[in-house]
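A.B. asks: Got a sequence here, can you build the structure:
(chains A and B)
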Amino acid sequence: MIRLLKQMKKYKYQVLIVIVLTFIQVIAELYLPKLMADIVNIGIKNQDISFILRIGIIMLIITFLGTVAAVFKMYVSAIASSSFIKDLREKLFKKIQAFSPGEFDEIGTSSLITRTTNDITQIQNVVIMGLRMMVRAPLMAVGGILMAVSQNSGLSMILLVVVVILGVIIGILAKITMPLFKMLQTKTDNLNRVLRESLTGVRVIRAFNRTEYEKEKFDVSNKDLTDTSLRVSKMMITIMPLIMLLLNVTNIALIWFGAIRIDAGTFLIGDLMAFIQYAMLILFSVIMMTMIFIMIPRASASAQRIIEILDMESRIQDPENPTTSDKGKGLIEFRDVCFKFAGAEENALSHISFQSNPGEVTAIIGSTGSGKSTLINMIPRFFDPCDGSILINGIDIREMTQSDLRDRIGLVPQKALLFSGTVKENLVFGDDSLEMDRVMEVAEISQSKEFIDDMDLQYESVISQGGTNISGGQKQRLSIARALASKRDIYIFDDSFSALDFKTDAKLRAALASEIKDSTVIIVSQRVNTIMNADRIIVLEKGEMVGMGRHKDLMETNQVYRDIVLSQMSEEESA
Amino acid sequence: MRDDRDSKVNRHSFSARRGPGAIAVPAEKAKDFKGTLKRLGRYLKPHKGPIILSFLMACFGTVFSIFGPKVMGMATDSIYDVVVERLQGNIVPMDYLYLRNILALLAGLYILFSVFTYLMQFLMVNIAQKTVYNMRKEVSEKLTRLPLRYFDTNTHGEILSRVTNDIDNISNTLQQSLNQMITSIVSMVGIIIMMLTINWMLTLVTLVTLPLSVFITSLIAKKSQKHFKDQQKTLGMLNGHIEEMYTGHKVVKAFNYEGKSQQEFDRLNEKLYYSSSMAQFISGTIMPLMTFVGNLGYVIVAAVGSIFVSGGTLTLGSIQAFIQYSRNFSQPIIQIANIANVIQSTIASAERVFEVLDEEEEIPESSNLEIHKVNGRVTFEHVRFSYDSNKELIRDLNINVQSGQTVAIVGPTGAGKTTLVNLLMRFYDIQGGKITIDGHETRELSKISVRNLFGMVLQDTWLFKGTIRDNIAYGRLGASECDVIEAAKTAYADHFIRTLPDGYDTILNEEADNISQGQKQLLTIARAILANPQILILDEATSSVDTRTEKYIQKAAERLMKGRTNFVIAHRLSTIVDADLILVMNDGDIIEQGNHLELMLKKGFYHELYSSQFLVKQAE
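C.D. replies: This is a model prediction of the structure:
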């Protein structure tokens, strides 16, 4: 937390101004009861009306000054805290965006999202609260104590006792309620899950006639949540009455002991009235400060998570002196490549060697977990090999810049991801040099033309976040079109035809064949008929190449391949 | 502490805190404020007694606290009198007995205040929790009575947020704001009365500051709301952008899109910076300004009051009491303004909840006719159906399926293959003609009875959080351990289940991503096997399942289909070719039917569909 706040250094002048202004505001507030005491002790005692009026005007001026300081403080602190958060958010986003998929897998996408959104918000709350209260409360407490002691040090002992009791009460309550709050969150999540499950599974539930069962399940969670909320609430409602009682009792005690001192002639009545006001200011500040102390640990968990990211360095970095090669050809070579996931015991890939020339189609087949996706993810350098090297046009890809490398590759990922925006924006995806003609051309090749034309605004139709307003097959086709839009030397299709029915699949691949005939093409597929005509089929099992060759040869020589093929088609079809 | 509660409810909007003095985020407006309020009131009716009691306690508690300063002033006066006497040279003892009595009275008032405040909240907490418990229960039960159409046309997120966020919102208001409103009003009135009893001129002076504070509050509220709205909106957009760019990270990288993405981020971040700092600043000024107004009153009361005291028309204790009253005066005003806002958003929430409760339910069954054993002969006679009355889908469908036959449903994506499932299972009811099973019209049977005849294995493998055993046992109530294992064995799932560390006790997590997609499919097949239906609906998997598991799934499906009437949404050629009847769908309607040979000879849509499979080979 503190490390994160150090980054506020840039705003040290603003913070300083806030402190100074708060100081002025606090002094102004603390000075008022003192003046009030003067009015009572001197003005009323001597029945000196002009004195009373004079002090009254001074009080007004002080109040005004205090308010001006407070308003100005609000402005400076709002600007300072907002720009601090803006910077932090930007830094974090930049950092995360530069991560490789390796780091994404390690930390988890949803966790990264939470860190950039919720955690930042948590920090923002603390910074705002901090600039407003964290500066004010201690100043107020210290100032109040100084004023109180100067009025009467004996009565101040009462205050000390009360502050300790107050601290203990709040501490104990916090200790009891914190775990309860955690529990409450778990129960809430639980209820939400049960409900979400009954929504997503509504067809299955009704098909199996399990409505009653689900009702009971919900009721159990509902009761559970209600019971816990009741417990939490019953704890919470004791806090305010308790604290109020404590404050009021303090008042009574002050009057009693004050009266004794006044009786003895060591204390003035005006001072007692001022003292009571100081007491209240001090106690409220103490309550404020304990609140802040409760908030800080929660925010510091957020700060920890943010710092963890800021400290991380992506394992994949651009070389200092990058080399490049001519574009227009895309010879890929794997030389004895191995790969191991961070923390894994065994290699996910080992001894991968092959070469794929422009104009050739290399297909990769194998069961789930055999390393197909990992293999192709290494080509755009999403992961670096632990040994061996990958070369494009004879140059190790680690010697090229990442953007140079990726400019040569058209990737169609396994999961067809689209972004919110128009169809056209999704197809162009950052390459502003693309002409509309080209966009329409790739839409046609990818068999998307028909459904795009059916949309209300055609290429200007808006796709919602995650592409939820179009079907899986349509997403996949657009994802293919996007990869085709700018001409690339290398095309990678990672199981990219799975959501297409066989008719569309066939048409698409026919159109595709001529479009990418001069490029190096790598296809990963589960469907044998997608790949049986490839120039080279690589059979992967448990991260190793157990076969490479053409369909016909593999059918004869490779048992693993034969098994796969025969699980999908009959002997005659596969011939 | 209070922030803690609120942040649970409204995790995304940090500005939505309801602390005293802060300005709430602009509330949504309800469409029918009065009606919804009345209806919400009906939920509270059973608790009428406790609510009234709680209100009474709120009143008493507040009244006690209002007397506090006055009594305290009496204590001050008793001390002051002694001081004055002594000043005049008279030696008088301090009247400790009187002082003690006064202070004891004061202590009594404060204790009563705290006790009453606690009791009032205690009552309200119970009422609030009971009410939302019932409300949640009512909504969830309502959901079970809604037709499938409702779930197909509303997003899950939307429905969820009504059951959780909106109901939570209502609960918070019941628990906190209602009583706050009562106490605020009572203390405002009470304070004015007390001030009047002390000195009407001073009261007038104080009341002059009232319009000033109302004016300032409403001005600032108005100015800051625009920025709060902007902030909320921009934050939503920014978080959306972050979420999207992170989930699409690989694509962003592959297409070198980082620069553009950063540009967009910076733009939104800058915008957010502006609106959030303005919102913060403007709303932040309310406290200092109100303090200013308060202090203004304080100074005036102190100065003018002192003049009265020296003139002898007012006691010192009275000024002290008066000052306390005038300081406490602005608090209830701000609170009432805030609560008005909160109540508005609560009513909007309640309205959304009521909308769900008002949805049209499934028509209650007209007959409870049940059949248990059938051979599985299914016919469609002149069936007419559409989802949307403007667009006719199925005009006149006739199908005749003998028991034990396998029907393959084929067609391009989006051809409406799930429509048939919807009709068979009576998820949707047909608008004309009839569907019969063994000659019984399904509309004349109870839905439960119809659905008991069917087994369903969908591509979207729905499993719930729980053990594998419970998930399989879902197929048949009261299935024994042996039945479950037997079904798993038949479905080729037993082996992989046993390789899991906890075997059948393995708990599937919410996304069920601790087992593979293919394994999930095996579990759903096991579940269907356990249910042992006479008629089966099967959706053949197209998604990425590895080839080994695919083989198991196929074998398991074959075993499952044996001896039943099967409707298969088919993707595999061999299933289609071997089917007894092929239904070819396009654009929601069945356009051809027959077996493979017949359809090929027909040289229609099916022929084209089938041939395109070989087109591939020619093209490459």
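
A.B. asks: contacting residues for the nearest residue to A:Ile62 once chain neighbours are set aside?
C.D. replies: Take A:Ile62 and drop its neighbours on the chain: the residue closest to it by Cβ to Cβ, 6 or more residues apart in numbering or on different chains is A:Ala28, 4.9 Å away. Every C-beta, even on glycine, is put in place using the N, C-alpha and C of the backbone. A:Ala28 makes contact with A:Ile62, A:Thr63, A:Leu65, A:Gly66, A:Ala69, according to Cβ atoms under 8 Å, 6 or more residues apart in numbering or on different chains.

A.B. asks: ok, those vs chain B, which is closest?
C.D. replies: Relative to chain B, the closest of the contacts of A:Ala28 is A:Thr63; by Cβ to the nearest Cβ it sits at 4.1 Å.

A.B. asks: State the pLDDT value of the closest one.
C.D. replies: As predicted, A:Thr63 sits at a pLDDT of 87.

A.B. asks: Over to B:Asp6?
C.D. replies: The model reports B:Asp6 with a pLDDT of 31.

A.B. asks: Could you do the one 3 residues further on as well?
C.D. replies: Confidence per residue is given as pLDDT, and for B:Val9 that number is 31.

A.B. asks: residues near residue 481, how many?
C.D. replies: This is for chain A. Around A:Ala481 there are 27 other residues, counting by other Cβ atoms under 10 Å in any protein chain shown.

A.B. asks: should've been chain B
C.D. replies: Using other Cβ under 10 Å, B:Glu481 is surrounded by 10 other residues.

A.B. asks: surely it meets B:Arg469?
C.D. replies: Yes: counting by Cβ atoms under 8 Å, B:Glu481 does reach B:Arg469; the two are 7.5 Å apart.

A.B. asks: so what sits against both of the two?
C.D. replies: What both B:Glu481 and B:Arg469 touch, as defined by Cβ under 8 Å, 6+ apart, is an empty set.

A.B. asks: Any regions of the stretch 501-620 of chain B where pLDDT drops low?
C.D. replies: B:510-514, B:541-548, B:573, B:609, B:611-620 (pLDDT under 70).

A.B. asks: Just the strands from the chain, written as ranges.
C.D. replies: The chain I'm using is chain A. Counting by DSSP state E, chain A has strands at residues A:332-339, A:349-356, A:361-365, A:387-392, A:395-396, A:409-412, A:421-422, A:462-463, A:490-494, A:520-524, A:536-541, A:544-549.

A.B. asks: other chain: chain B
C.D. replies: B:378-385, B:394-401, B:406-410, B:432-437, B:440-441, B:454-457, B:466-467, B:507-508, B:535-539, B:565-569, B:581-586, B:589-594.

A.B. asks: May I see those arranged in a markdown table, with distance to B:Thr419 and mean neighbour count as well?
C.D. replies: Output for the strands of chain B, formatted as a markdown table (distance: least, Cβ to Cβ, whole Å; neighbours: other Cβ atoms under 10 Å in any protein chain shown):
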| stretch | distance to B:Thr419 | mean neighbour count |
| --- | --- | --- |
| strand B:378-385 | 7 | 18 |
| strand B:394-401 | 7 | 17 |
| strand B:406-410 | 10 | 24 |
| strand B:432-437 | 13 | 18 |
| strand B:440-441 | 19 | 16 |
| strand B:454-457 | 15 | 26 |
| strand B:466-467 | 31 | 15 |
| strand B:507-508 | 30 | 16 |
| strand B:535-539 | 12 | 24 |
| strand B:565-569 | 11 | 25 |
| strand B:581-586 | 8 | 22 |
| strand B:589-594 | 9 | 19 |
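
A.B. asks: Out of those strands, which is closest to chain A?
C.D. replies: Smallest distance to chain A across the strands of chain B (Cβ to the nearest Cβ): 4.5 Å, for strand B:454-457.

A.B. asks: what pairs with that closest one, and is each one parallel or antiparallel?
C.D. replies: Its sheet considered, strand B:454-457 pairs with strand B:535-539 (parallel) by DSSP bridges.

A.B. asks: Need the contact partners of the strand it pairs with.
C.D. replies: Under Cβ under 8 Å, 6+ apart, the answer for strand B:535-539 is B:374, B:376, B:378, B:421, B:424-425, B:437, B:453-459, B:528, B:557, B:560-561, B:564-569.

A.B. asks: again, 7 Å this time
C.D. replies: Applying Cβ atoms under 7 Å, 6 or more residues apart in numbering or on different chains, the contact partners of strand B:535-539 are B:376, B:378, B:421, B:424, B:453-459, B:528, B:557, B:560-561, B:564-569.

A.B. asks: now swap in stretch A:4-11 and tell me
C.D. replies: A:Val15, A:Ala80, A:Ser83, A:Phe84, A:Leu88, A:Ile123, A:Ala303, A:Ile306, A:Ile307.

A.B. asks: export that stretch as CSV, just CAs?
C.D. replies: The C-alpha trace of stretch A:4-11 is given here as CSV (Å, rounded to 0.1, in the frame of the first residue of the first chain):
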residue,chain,number,x,y,z
LEU,A,4,1.8,2.4,-4.2
LEU,A,5,1.3,5.7,-2.4
LYS,A,6,4.9,6.5,-3.0
GLN,A,7,3.9,7.0,-6.6
MET,A,8,1.9,10.0,-5.4
LYS,A,9,5.3,11.7,-5.2
LYS,A,10,4.5,13.3,-8.5
TYR,A,11,1.7,15.1,-6.7
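
A.B. asks: quick check: mean pLDDT across it?
C.D. replies: Average pLDDT, stretch A:4-11: 72.

A.B. asks: before we move on, what about stretch B:127-146?
C.D. replies: 89.

A.B. asks: can I get the strands of chain A in a markdown table with distance to B:Ala321?
C.D. replies: Formatted as a markdown table, those follow (distance: least, Cβ to Cβ, whole Å):
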| stretch | distance to B:Ala321 |
| --- | --- |
| strand A:332-339 | 80 |
| strand A:349-356 | 83 |
| strand A:361-365 | 87 |
| strand A:387-392 | 85 |
| strand A:395-396 | 86 |
| strand A:409-412 | 77 |
| strand A:421-422 | 65 |
| strand A:462-463 | 65 |
| strand A:490-494 | 79 |
| strand A:520-524 | 83 |
| strand A:536-541 | 87 |
| strand A:544-549 | 89 |
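
A.B. asks: quick one: which of the ones you listed is nearest chain B?
C.D. replies: Chain B lies closest, by Cβ to the nearest Cβ, to one member of the strands of chain A: strand A:409-412, at 4.2 Å.

A.B. asks: which helices and strands sit right next to that closest one?
C.D. replies: helix A:472-485, strand A:490-494 (3 or more Cβ pairs under 7 Å, 6 or more residues apart in numbering or on different chains; DSSP states H and E).

A.B. asks: rank the ones you listed by mean pLDDT and give me the bottom one.
C.D. replies: helix A:472-485 (a mean of 80).

A.B. asks: Could you tell me the angle between it and strand A:490-494?
C.D. replies: Inter-element angle recorded for helix A:472-485 and strand A:490-494: 170 degrees (by axes from the mean of the first three to the mean of the last three Cα atoms, to 10 degrees).

A.B. asks: Contact residues of the stretch 251-400 of chain B facing chain A?
C.D. replies: Listed as neighbours of chain A in the stretch 251-400 of chain B under the rule Cβ under 7 Å from any Cβ of the partner chain: B:251, B:253-258, B:260-262, B:265-266, B:269, B:273, B:276-277, B:280-281, B:284-285, B:288-289, B:291-292, B:295-296, B:299, B:302-303, B:306-307, B:309-310, B:316, B:320.
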